[in-house]
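Undergrad: Make a model of this:
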Amino acid sequence: MKTATRTRTVTTRFSPETLAAAQKVAALTGRTVSSLSEYALNLYMRKNFPMAYDPSAVLQLSLRDAPVETDA
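TA: The predicted model follows:
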């Protein structure tokens, strides 16, 4: 796996339940919550929008392409 160079810092909001779960999973997997979040976002984008990683790609999405929030 290629090691990424961190170039940006972003602020992300988590619900208390999501943060607590993320902290448990991060600890279990030896990651930080930040690293776990980046990993999960990367997996999501590579699965659903792989062309986003192509520098020459122009993406067009509609609202029907937006993810649907589900209760797990």
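Undergrad: got any ranges where the protein has weak pLDDT?
TA: 1-4, 63, 65-67, 71-72 (pLDDT under 70).
Undergrad: Please enumerate the helices of it.
TA: Taking DSSP state H, the helices of the chain run over residues 16-29, 33-48.
Undergrad: helices or strands up against the longest one?
TA: Other helices and strands packing on helix 33-48, by 3 or more CB pairs under 8 Å, 6 or more residues apart in numbering; DSSP states H and E, are helix 16-29. Bear in mind the C-beta positions are built from the backbone N, C-alpha and C, glycine included.
Undergrad: hmm, back to that, can I get the helices of the chain in CSV with mean neighbour count and distance to Pro55?
TA: Listed next are the helices of the chain as CSV, based on neighbours: other CB atoms under 10 Å; distance: least, CB to CB, whole Å:
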stretch, mean neighbour count, distance to Pro55
helix 16-29, 12, 30
helix 33-48, 13, 14
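Undergrad: Could you say which one of the ones you listed comes nearest to Leu61?
TA: helix 33-48 (10.1 Å; CB to CB).
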